[in-house]
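1. no sequence for this one, just the structure:
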């Protein structure tokens with residue numbers, strides 16, 4: 001699949017078939033996350049793969065009742081290791097670079113999942129402390145995204161996009 005086709009074709013899927021994801025596909029999806037760019041090549045991402053139904057239920061509750069999360073056979077919680085970034089870049093590494101780096105990893109995961117025929121959704125609305133407790137995430141590691149992945153049971157329409165003329169500035173803002 002052409003990268004531009006993946007970028008334009010990927011959608012936020014909120015309905016999934018119960019079909020399992022083969023380990024080989026899951027490995028490709030996770031490996032794509034590790035190939036994201038990162039400040040100083042620190043690679044501060046941590047991936048928690050959740051298959052357990054009870055844990056998915058708890059995550060959906062922590063995600064402000066977004067229960068579609070429970071339909072996906074796999075949920076990947078992407079975390080930023082703030083401590084690793086802070087060691088290299090101080091406060092800016094802890095508060096910004098690790099978030100940017102992790103966001104790039106999430107995008108790679110979403111695009112790779114789509115290219116393999118899966119649907120996914122970037123869930124950012126959740127209670128961080130609840131997710132931290134549910135998954136026993138240590139201090140210095142911050143949950144950034146909950147990403148359910150599975151065969152899509154829906155095909156959402158493409159969302160509207162602002163035209164380039166509204167978002168591109170030449171030389172100065």
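-> Nice, thanks for sending it over. Bear in mind that the values here come from a model prediction, so they are computed numbers and not experimental data.
2. what strand or helix carries the residue sitting nearest the centre point of the chain?
-> In the chain, the centroid-proximal residue (CA atoms, centre = their mean) is residue 106; its distance is 3.6 Å. Using DSSP states H and E, residue 106 falls within helix 98-115.
3. mind checking how far the helix or strand that that helix is followed by is from the chain centre?
-> Using DSSP H and E, the helix or strand that follows helix 98-115 in sequence is strand 119-120. Centroid separation between strand 119-120 and its chain, computed with CA atoms, centre = their mean, to the nearest Å, is 10 Å.
4. which other helices and strands contact strand 119-120?
-> Counting contacts by 3 or more CB pairs under 8 Å, 6 or more residues apart in numbering; DSSP states H and E, strand 119-120 packs against helix 98-115, strand 141-150. For every residue, glycine as well, the C-beta is placed using N, CA and C.
5. residue 13: which of those is closest?
-> Comparison of the helices and strands packed on strand 119-120 against residue 13 by CB to CB identifies strand 141-150 as nearest, at 7.9 Å.
6. hang on, the earlier thing: dump the residue contacts of the residue nearest to the centre of the chain.
-> Listed by CB atoms under 8 Å, 6 or more residues apart in numbering, the contact set of residue 106 reads 33, 78, 122, 144-145, 147.
7. and the helices in this structure?
-> 3-9, 23-34, 53-62, 82-92, 98-115, 128-135, 164-167 (DSSP state H).
8. dump these into CSV; add mean pLDDT as well.
-> CSV is the format used below for the helices of the chain (pLDDT from 0 to 100):
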stretch, mean pLDDT
helix 3-9, 95
helix 23-34, 98
helix 53-62, 98
helix 82-92, 97
helix 98-115, 98
helix 128-135, 98
helix 164-167, 97
